[in-house]
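Asker: Pasting a predicted model and its sequence here:
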Amino acid sequence: MRLAYLGPPGTFTEEAALRYAERESAELIPFSSMPALVSAVETGLADRAILPIENSLEGTVSTTVDLLIHETDLKICAELILPVRHFLLAHPGTRLEEIRVVLSHPQALAQCRRFLERCLPQAEQVAALSTAAAVAEVMRSEDRSRAAIGTLRAAELYGAVVLARDIQDQKSNATRFVVLAHQDAEPTGVDRTSLCFTVKRNVPGALVEVLNELAVANIQMTKVESRPMKSVLGEYVFLVDIEGHRKDPHIAAALERVAEKAAELKIFGSYPRDEDGLNGTRGSR
């Protein structure tokens, strides 16, 4: 099985891919962007792709969600929750007071805001395509005034040293990843279903009517949020995660009623919940 992930080697997505590969024997294939991961599966370059979808500090990864809403019919077949540890990495011999620029992915910079404000208040923050790309760029340069926020694996791959460890704002920081394939998973009894819908225009209470169909069926919603439609200002897509599988009889019946009440309904897939990963992040608090 060929698994596409956001490269280069040393990213958090690669770490998640390696964890997932422990469950499924897989060949890891790096790509440079999340849209490329989707295209890789759609065109047969890969069998599955793993993408970040939600972080406990920064919330939804909008690129992934927008791909699911607007650009692909691939299904979520698995999830993986990965504790996130951020490290300040630099050339051997670099001192903290020398650093004038810190590079990393925008999500990583945001997740380490407190450390950067307190310990490197004068340092310029520069966005990179990934945490690994930031580490690689710093190590290619001989400029010791530049450092990167990245993973321990990136430090090992690119020869960086750790100046500071666990610099994320919250020690319980975790990212949820989803695996995309042409088919979602069969029921396991411990599942999650992800979906989105739009409501009918100019109908008072349209959103409440849709969500009420889940409530009266005693279906637990674990996530509810909205995203702009992008086509018209002021119109939104509503995203919902529920406990259970779309093939469970009571959920299938409720989703049929939701489809009748909503303007459009799209089911991203049903897949086993990563209870081990979730419990691991709770235990680290």
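Answerer: It's in.

Asker: Need phi/psi at the spatially most central residue of the chain.
Answerer: Centroid check for the chain by CA atoms, centre = their mean gives P52 as the closest residue, at 1.8 Å. Phi and psi for P52, reported as degrees, to the nearest 10, are phi -70, psi 140.

Asker: One more: T222?
Answerer: The phi/psi pair for T222 (degrees, to the nearest 10) is phi -100, psi -10.

Asker: nearest residue to it other than its sequence neighbours?
Answerer: Leaving aside its sequence neighbours, T222 sits nearest to D241 (CB to CB, 6 or more residues apart in numbering; 4.7 Å). C-beta here means a position set from N, CA and C on the backbone, and glycine is covered the same way.

Asker: which SS class is the one you found?
Answerer: Under DSSP: H, G, I helix; E, B strand; the rest coil, the three-state class of D241 is strand.

Asker: Can you get me a residue count around it?
Answerer: 20 (other CB atoms under 10 Å).

Asker: Same check on the one 5 residues further on?
Answerer: Per other CB under 10 Å, the neighbour tally for R246 reads 19.

Asker: can you map out the strands along the stretch 101-250 of the chain?
Answerer: Assigned by DSSP state E, counting those that start in this stretch, the strands in the stretch 101-250 of the chain fall at 101-104, 124-127, 146-150, 161-165, 174-181, 191-198, 221-228, 236-243.

Asker: Let me know which of those is tucked in deepest.
Answerer: strand 146-150 (a mean of 28; mean count of other CB atoms under 10 Å).

Asker: Other residues contacting that strand?
Answerer: For strand 146-150, the external contacting residues (CB atoms under 8 Å, 6 or more residues apart in numbering) are 10, 86-90, 94, 99-104, 108-109, 112, 123, 128, 131-132, 134-135, 137-138, 154, 160, 163, 167.

Asker: 7 Å - rerun?
Answerer: 10, 86-90, 94, 99, 101-104, 108-109, 112, 131-132, 134-135, 138, 163 (CB atoms under 7 Å, 6 or more residues apart in numbering).

Asker: So L120 is in contact with R100, correct?
Answerer: No: with contact defined as CB atoms under 7 Å, L120 does not count as touching R100 (8.8 Å).

Asker: which one of the two has more residues nearby?
Answerer: For L120 versus R100, the count of surrounding residues by other CB under 10 Å is larger for L120: 21 against 14.

Asker: Just list the residues touching that one, thanks.
Answerer: I99, V102.

Asker: Distance check, it against F177.
Answerer: L120 sits 29 Å away from F177 when distances are taken as CB to CB, to the nearest Å.

Asker: Please apply the same query to I29.
Answerer: 16 Å.

Asker: Can you add distance to T43 and give the strands of the stretch 101-250 of the chain back as a markdown table?
Answerer: Below are those laid out as a markdown table (distance: least, CB to CB, whole Å):
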| stretch | distance to T43 |
| --- | --- |
| strand 101-104 | 30 |
| strand 124-127 | 29 |
| strand 146-150 | 30 |
| strand 161-165 | 39 |
| strand 174-181 | 13 |
| strand 191-198 | 23 |
| strand 221-228 | 26 |
| strand 236-243 | 26 |
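
Asker: of all those, which lies closest to L265?
Answerer: strand 191-198 (4.6 Å; CB to CB).

Asker: mind checking how far I219 is from E117?
Answerer: Distance, I219 to E117, using CB to CB: 42 Å.

Asker: More neighbours: the two, which one.
Answerer: Higher neighbour count among I219 and E117: I219, with 19 against 10, using other CB under 10 Å.
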